[in-house]
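K.L.:
Need a 3D model of the sequence below.
(chains A and B)
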Protein chains: 2
Amino acid sequence: MNNTEQDIPDIVINRLPLYVRTLNDLKSMNQTTISSEHLGHLLQTTPAQIRKDFSHFGKFGKQGKGYNIDYLLEELREILNLNKSWNSCVVGVGKLGQAVINYQGFKDEGYLIKVAFDISIPKTKTISDIEIRSISDMNQYIKTLDIKIGIVTVPAIDAQGVIDRLIQSGVKGILNYAPMKPIIPKNVSCMNIDPILSLQSMSYYLDK
Amino acid sequence: MNNTEQDIPDIVINRLPLYVRTLNDLKSMNQTTISSEHLGHLLQTTPAQIRKDFSHFGKFGKQGKGYNIDYLLEELREILNLNKSWNSCVVGVGKLGQAVINYQGFKDEGYLIKVAFDISIPKTKTISDIEIRSISDMNQYIKTLDIKIGIVTVPAIDAQGVIDRLIQSGVKGILNYAPMKPIIPKNVSCMNIDPILSLQSMSYYLDK
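P.N.:
As a prediction, this is how the structure comes out:
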């Protein structure tokens, strides 16, 4: 890894998890090396694009020999901080929030949901063993539980207020399911999950 | 609009809905024109990027005069087929599927959920006035209701089978919530909504 890492475009960073997933699949099929041509084919991109993406982090393979999958996976996981686990919280325990809490995939990948917040506390007070707390206790729980990621599943109209509050409490990453584009300070990372933007891109192709 | 439209990179198409959303916001604030500099600032990208994106579709503005927001919006909506409405179905009526069915935003943007499918039919048989039908009736309903988009909210292990079935029934677009990368024929468009990929990109920044 070299010192140019600071300058890597977001768009390259956004592609790395897909590389990780594909390499994991290959590894589970006992494959040990892969060419940029083959990886490009699997990801429906060009070998040149893949080589260029990896060049941001130094050399991962030798010309003509392809990449060693174990080594490449480990380097990419290190770059993306995937070898750590991150404490997370969910804000908004409606149907979507409940689906998020029940989704096993977060835990499997090291994103540990430690607590959930809502304006109204349900009678059961837990969902899948996750405690539901009042939003007014957010600051305290985020600090005590060392929570770094806030998953926002409140309605759009409430989202900016919730996000501001999460950031004030010390959260460094926001996964936003609300269909709006929040205003986020520079030292916080935000990813928006927005089905409408996806559908609107898709409909370009529906009429072809 | 010119004839080069066929060659527009997916990544450009994927950015257009964000332009539409931002221009809509400006319009609702009674703004009538905007410079590529200002639009770039709002979208945290460069003016050059914006001019380059728009150049794929011909000229949208005059040098130094900025873009006419109404005109630009109408052109972008036309390019993305946003002036039509698209009949859709949901497959999988667990918590996530229910959250999708209840989400008003799809209808507001012209994506009309006409029916939902599940392996097991709940006692109520409808959710928010949407009928729940057996997956075995999928082919018939998709054809009768002229459904073009399938929204997949089944577990990952069932997703490829459901997607294959949707495509065989004539669906042209898949919005996939399952955390897997489906195999899709070239004449079908697929957008994957995957919180893990978003979180994995995000965790790159959490340690900075």
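
K.L.:
first vs last residue of stretch A:85-98, how far apart are they?
P.N.:
Stretch A:85-98 has its terminal residues 21 Å apart, counting by CA to CA, to the nearest Å.

K.L.:
What residues sit buried inside it?
P.N.:
A:Trp86, A:Asn87, A:Ser88, A:Cys89, A:Val90, A:Val91, A:Gly92, A:Val93, A:Lys95, A:Leu96, A:Gly97, A:Gln98 (16 or more other CB atoms under 10 Å in any protein chain shown). (Each C-beta comes from the backbone N, C-alpha and C, glycine too.)

K.L.:
Which of these fall within helices?
P.N.:
Cross-referencing those against helices under DSSP state H gives A:Lys95, A:Leu96, A:Gly97, A:Gln98.

K.L.:
Which pLDDT does the model give the second one?
P.N.:
For A:Leu96, the model assigns a pLDDT of 90.

K.L.:
re earlier: tell me the one of the buried residues of stretch A:85-98 nearest A:Ala178?
P.N.:
Of all those, A:Ala178 sits closest to A:Gly92, with 8.3 Å by CB to CB.

K.L.:
can you tell me how far the closest one sits from chain B?
P.N.:
A:Gly92 is 11 Å from chain B, where distance means CB to the nearest CB, to the nearest Å.

K.L.:
still on that earlier bit, same list, the buried residues of stretch A:85-98, but as CSV with distance to B:Arg133 please.
P.N.:
Conversion of the buried residues of stretch A:85-98 to CSV gives the following (distance: CB to CB, whole Å):
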residue, distance to B:Arg133
A:Trp86, 40
A:Asn87, 41
A:Ser88, 36
A:Cys89, 37
A:Val90, 31
A:Val91, 34
A:Gly92, 30
A:Val93, 29
A:Lys95, 20
A:Leu96, 23
A:Gly97, 27
A:Gln98, 24
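
K.L.:
can you list contacts of the lengthiest strand in chain A?
P.N.:
Longest strand in chain A by number of residues, with DSSP state E as the criterion: strand A:111-118. With contact meaning CB atoms under 8 Å, 6 or more residues apart in numbering or on different chains, strand A:111-118 is reached by A:85-93, A:97, A:100-101, A:106-107, A:127, A:130-135, A:137-138, A:141, A:145, A:147, A:149, A:151, B:196, B:199.

K.L.:
Now that strand - C-alpha only, PDB.
P.N.:
Taking C-alpha atoms only, strand A:111-118 is exported to PDB below (Å, rounded to 0.1, in the frame of the first residue of the first chain):
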ATOM      1  CA  TYR A 111     -21.800  -4.700  11.600                       C
ATOM      2  CA  LEU A 112     -23.200  -5.300  15.100                       C
ATOM      3  CA  ILE A 113     -26.600  -3.700  15.900                       C
ATOM      4  CA  LYS A 114     -26.300  -3.000  19.600                       C
ATOM      5  CA  VAL A 115     -29.500  -1.000  20.200                       C
ATOM      6  CA  ALA A 116     -32.400   0.500  18.400                       C
ATOM      7  CA  PHE A 117     -34.200   3.800  19.100                       C
ATOM      8  CA  ASP A 118     -37.700   5.000  18.400                       C
END
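
K.L.:
and it, which strands flank it?
P.N.:
As defined by DSSP bridges, the strand partners of strand A:111-118 come to strand A:86-91 (parallel), strand A:130-134 (parallel).

K.L.:
Show me which helix runs longest in chain A.
P.N.:
Ranking each helix of chain A by length (DSSP H) puts helix A:10-28 first.

K.L.:
circling back to that earlier point, elements contacting the following helix or strand past the longest strand of chain A?
P.N.:
Counting by DSSP states H and E, the next helix or strand C-terminal to strand A:111-118 is strand A:126-127. In this structure, strand A:126-127 packs against helix A:95-102, with contacts taken as 3 or more CB pairs under 8 Å, 6 or more residues apart in numbering or on different chains; DSSP states H and E.

K.L.:
could you check the angle strand A:86-91 makes with the helix it packs on?
P.N.:
160 degrees (axes from the mean of the first three to the mean of the last three CA atoms, to 10 degrees).

K.L.:
what about chain A, any weak spots by pLDDT?
P.N.:
A:1-6, A:59, A:61-63, A:208 (pLDDT under 70).

K.L.:
helix, strand or coil for the residue lying farthest from the centre of it?
P.N.:
Within chain A, the residue lying farthest from the chain centre (CA atoms, centre = their mean) is A:Gly64, at 32.8 Å. Put simply, A:Gly64 is coil when judged by DSSP: H, G, I helix; E, B strand; the rest coil.

K.L.:
mind giving me the domain ranges of chain A?
P.N.:
Using automatic domain parsing, the domain parsing of chain A gives A:3-78, A:86-197.

K.L.:
most neighbours per residue, which of these?
P.N.:
The highest mean neighbour count among the domains of chain A, using mean count of other CB atoms under 10 Å in any protein chain shown, belongs to domain A:86-197: a mean of 18.

K.L.:
sorry, back to before: now the longest helix of chain A and helix B:10-28, what's the angle there?
P.N.:
Counting by the same axes, to 10 degrees, helix A:10-28 lies at 140 degrees to helix B:10-28.

K.L.:
export helix A:10-28 as PDB, just CAs?
P.N.:
What follows is helix A:10-28, C-alpha atoms only, in PDB (Å, rounded to 0.1, in the frame of the first residue of the first chain):
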ATOM      1  CA  ASP A  10     -15.100   7.500  -3.800                       C
ATOM      2  CA  ILE A  11     -16.200   5.700  -6.900                       C
ATOM      3  CA  VAL A  12     -13.200   3.400  -6.700                       C
ATOM      4  CA  ILE A  13     -13.800   2.800  -3.000                       C
ATOM      5  CA  ASN A  14     -17.400   2.000  -3.800                       C
ATOM      6  CA  ARG A  15     -16.300  -0.800  -6.200                       C
ATOM      7  CA  LEU A  16     -14.000  -2.500  -3.800                       C
ATOM      8  CA  PRO A  17     -16.700  -4.400  -1.800                       C
ATOM      9  CA  LEU A  18     -17.900  -6.000  -5.000                       C
ATOM     10  CA  TYR A  19     -14.400  -7.200  -5.700                       C
ATOM     11  CA  VAL A  20     -14.300  -8.600  -2.200                       C
ATOM     12  CA  ARG A  21     -17.600 -10.400  -2.700                       C
ATOM     13  CA  THR A  22     -16.600 -11.900  -6.000                       C
ATOM     14  CA  LEU A  23     -13.200 -13.000  -4.700                       C
ATOM     15  CA  ASN A  24     -14.900 -14.600  -1.700                       C
ATOM     16  CA  ASP A  25     -17.100 -16.600  -4.100                       C
ATOM     17  CA  LEU A  26     -14.100 -17.700  -6.100                       C
ATOM     18  CA  LYS A  27     -12.300 -18.700  -2.900                       C
ATOM     19  CA  SER A  28     -15.200 -20.800  -1.800                       C
END
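
K.L.:
Fine by me, we can end here.
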